[in-house]
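J.: What follows is a predicted protein model with its sequence.
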Amino acid sequence: MSRQLDFSDPEDSAWALSKIFAGPEAGRPALNWFGGGAFAIRGDLEPIELLFQVEGVTIMTIDAQDPLQISERHLTLFKDVAGENFIDNWTSSKSGRTVPVESAQEVTANVQLSNLMPWYVTNEKAVALIESHGQGRDSSMQQFVARREDLQEDNGAFVKTVGTWQSATAWWPWMQMDAEDEGYLFTRKFTRKFARAEDLSGPLQARLADQFGEDWT
């Protein structure tokens with residue numbers, strides 16, 4: 001059975017968002033994989049520079065009592081420019097300094113989503129946009145794309161999503177960028193939601209187990 005959704009209606013919007021963030025079954029998290037490039041943005045005319053690749057997972061859990069309240073654990077790992085291997089050290093092309101890489105972990109509990117999030121809807125797809133803004137240039141925008149038909153299914157079936165995630169931040173502290181090296185870090189990533197840890201690559205699973213323990217899911 002399916003229901004026709006009016007994405008401008010708060011109740012229908014909440015329904016669709018809860019399916020986008022839900023895991024494969026009640027009590028199990030969704031795994032939102034991400035991967036892409038991290039670029040140095042300096043000045044208005046200097047070409048952007050690809051510094052390294054990033055890859056990681058956002059582990060998303062929705063509250064059983066409030067489907068618009070989610071908790072997240074992020075793990076961001078760093079790879080070489082080609083995106084082939086995880087790296088433990090990184091060398092700045094500007095200063096020549098080699099520094100140890102530190103994976104980035106973040107835990108965000110009880111994030112309350114609005115039931116009036118912006119949606120962009122076609123006959124086949126529905127796109128939810130989530131933006132957040134911090135101090136200075138720190139900002140982030142994610143889009144989650146799902147089949148409209150899947151969101152309208154009146155059952156607990158797992159809804160697959162793909163999307164993009166763009167963020168602007170200050171240099172990460174581990175990069176040890178010189179004070180006079182003005183600029184910021186821009187990351188551009190693709191995302192995909194998975195139901196099982198086994199669907200992630202072996203090297204990524206191993207890194208997640210090292211960071212969060214063998215029972216990280």
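T.: In hand now; what should we look at?
J.: what packs against the longest strand anywhere in the chain?
T.: Ordering each strand of the chain by length in residues (DSSP state E) puts strand 49-62 first. Applying 3 or more C-beta pairs under 8 Å, 6 or more residues apart in numbering; DSSP states H and E, one finds that strand 49-62 contacts helix 10-21, strand 30-41, strand 69-79, strand 184-194, helix 202-212. All C-beta spots, glycine's among them, are computed from the backbone N, C-alpha and C.
J.: Within the sheet, what are the partner strands of that strand, with directions?
T.: Using DSSP bridges, strand 49-62 pairs in its sheet with strand 30-41 (antiparallel), strand 69-79 (antiparallel).
J.: need these in CSV with mean neighbour count, mean pLDDT and distance to Gly156, can you?
T.: Putting the strands paired with strand 49-62 into CSV (neighbours: other C-beta atoms under 10 Å; pLDDT from 0 to 100; distance: least, C-beta to C-beta, whole Å) gives the following:
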stretch, mean neighbour count, mean pLDDT, distance to Gly156
strand 30-41, 20, 95, 13
strand 69-79, 19, 89, 17
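J.: If it's not too much trouble, I'd like the helices and strands packed on strand 49-62 exported to JSON lines so that distance to Asn155 sit alongside each entry.
T.: Conversion of the helices and strands packed on strand 49-62 to JSON lines gives the following (distance: least, C-beta to C-beta, whole Å):
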{"stretch": "helix 10-21", "distance to Asn155": "10"}
{"stretch": "strand 30-41", "distance to Asn155": "17"}
{"stretch": "strand 69-79", "distance to Asn155": "21"}
{"stretch": "strand 184-194", "distance to Asn155": "17"}
{"stretch": "helix 202-212", "distance to Asn155": "29"}
